[in-house]
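[1] Sequence first, then the predicted structure, then my questions.
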Amino acid sequence: MTESTQNAPKTATHDNEPQEKLRQFMNSGWGDIERADVTLSDVGTWAAKRRDALSQAFPGERLVIPAGTYKVRSNDTDYVYRPHTDYVWLVGDQTSDAVLVLEPNGTSGHDSVLYFRPRADRAEGEEFWRDRMYGELWAGRRPSLTETAKEFGIETRHVDQLAGVLKSDVPTRVRRGEEGSISSLLSGLGTDAERDKELAFTLSELRLVKDAFELEQLRDACAITHRGFSDVLSEMDKVRKYGERWIEGTFWRRARAEGNDVGYTSIAAAGPHATTLHWIENDGPVNDGTLMLLDMGVENRNLYTADVTRTFPVSGEFTPRQRELYQLVLDAQNAGIEALRPGVPFRSGHNASIEVLVRGLEAMELLPVSADEALDPSSGIYQRYTLHGVSHMLGLDVHDCAAARNEKYNKGNVEAGYVLTVEPGLYFQAEDLTVPEDLRGIGIRIEDDILITPAGTENLSNALPRDVEALQNWMAS
């Protein structure tokens, strides 16, 4: 890809070719827009430490971590851009079409250089006023090389220079998945797929233990999420009128006002929709006498997300039967949280929660066999009513550190600094003839974000009430 091709404005087929007089007028008469107030950010300081940790894992090798580019939603419109998580963790920057390169420096370490597309010079070229994807007058102001270098404490260069760097004969690993606009450059590297995967799982494993900055961000995301849930409960008259759509929109408003966005598509599931684990249509009614399961989390300004689920009685009070089921799920969640501490298997929380659920189902005579038989690994029939696992890691992604190896994650032990969810649930499908008719169409899940501390656990989302009476009082207030 030549520099002239890269810098050609990205226009639409129906854009008119400008006249020379307009070109001359548009490229003159602009004031200086370089920001003089940029200083090193907190995230930039932490990101430098993370790059050092990654550098130690791959001495003598070049590491390439792209941020990614825009994704088409429909025809010539794109989704809102969100950079790749590993890139954000290593830089802190949220600009599109950027590439972090850790270049071995011959002294067992690496020099970090950030290649990206800065805003175009208004005195030269037409990108700033004609380019629909990167032009400042079309898509907003991009940072300059100098501004980014100051904010994140890293050397910066124009992405046009990347091709020459990648041609040099140095063993290279690429974090695949978000190559975007530089995919043609990276495709010619001929890197080994297994070696690239090793970079991916190393990054995920380095991110398992959260640093102090990350814990601050997760607490912030949980606090905003709490306010978002409260917004929904304060508008129950509108929720009853407009249904699940109002829940989704109300929570999203809070997410955008105080954070960056929602961390994942909100699940606003009322009545039988709550039995669909990932219900995201959010287009159904919300009726008194039923339950509404809200699985929602705010992604804060630094892109860390909460992930919280609460199940509410729409009328404000549980029926005796609903209360019995809710309490069973709550007991299971409490058991799961209590089972977690440094050094125990990651699955400890899951196993403790499932034990309580299955024993409870047996006591309610909802199992066709004994609890012991249902829990036997050769059976597992209880999963008809609770299909999913109870925990996953949480951080910059709602399902964080997903590339980590099983022996470090799902089959490993938890460590102080891990943040994971505990989210047991019971789901009785509307057409399930194996359960009493009054239970059909009920789904209940309770989920919180749990930090593993040296002494045990801290519930980061504990501000959102969970107990029956506290939950009902929250609704009433």
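    Done, it's in. Model, not experiment: these values are computed from the prediction. Numbering: from 1, shown residues only.
[2] What ranges does the stretch 151-300 of the chain have for its helices?
    Ranges of helices within the stretch 151-300 of the chain are 162-166, 183-187, 193-206, 212-234, 236-242, 244-258, based on DSSP state H, counting those that start in this stretch.
[3] Output those as TSV; include the columns distance to residue 101, mean neighbour count and mean pLDDT.
    (Glycine included, C-beta is placed from N, CA and C.) Shown next, in TSV, are the helices of the stretch 151-300 of the chain (distance: least, CB to CB, whole Å; neighbours: other CB atoms under 10 Å; pLDDT from 0 to 100):
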stretch	distance to residue 101	mean neighbour count	mean pLDDT
helix 162-166	7	16	90
helix 183-187	11	15	75
helix 193-206	13	17	95
helix 212-234	23	20	98
helix 236-242	49	15	98
helix 244-258	33	19	98
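[4] Is residue 324 part of a helix or strand, or is it coil?
    The local conformation at residue 324, judged by DSSP: H, G, I helix; E, B strand; the rest coil, is helix.
[5] Tell me which of the helices of the stretch 151-300 of the chain sits nearest to residue 468.
    Nearest to residue 468 among the helices of the stretch 151-300 of the chain is helix 212-234; the distance by CB to CB comes to 15.4 Å.
[6] how far out from the middle of the chain is the closest one?
    14 Å (CA atoms, centre = their mean, to the nearest Å).
[7] ok, and what's touching that helix?
    42-43, 46, 210, 239, 247, 250-251, 253-255, 258-259, 263, 294, 296-300, 302, 304-306, 308, 310, 312, 394-395, 419, 449, 451, 460-461, 463-464, 474-475 (CB atoms under 8 Å, 6 or more residues apart in numbering).
[8] Give me the buried entries from those.
    43, 210, 239, 247, 250-251, 254-255, 258-259, 263, 294, 296-300, 302, 304-306, 308, 310, 312, 394-395, 419, 449, 451, 460-461, 464, 474-475 (16 or more other CB atoms under 10 Å).
[9] Turn the helices of the stretch 151-300 of the chain into a markdown table, columns for distance to residue 404.
    Listed next are these as a markdown table, based on distance: least, CB to CB, whole Å:
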| stretch | distance to residue 404 |
| --- | --- |
| helix 162-166 | 27 |
| helix 183-187 | 23 |
| helix 193-206 | 4 |
| helix 212-234 | 16 |
| helix 236-242 | 38 |
| helix 244-258 | 27 |
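[10] and of those helices, who's closest to residue 344?
    helix 193-206 (18.4 Å).
[11] got a list of contacts for the closest one?
    Counting by CB under 8 Å, 6+ apart, 50, 53-54, 57-58, 63, 65, 86, 89-90, 173-177, 401-405, 408-409 sit against helix 193-206.
[12] cool, stretch 458-476 as well?
    218-219, 222-223, 225-226, 229-230, 233, 236, 306, 308, 310, 312-313, 316-318, 323, 326-327, 330, 333, 337, 419, 446, 448-451.
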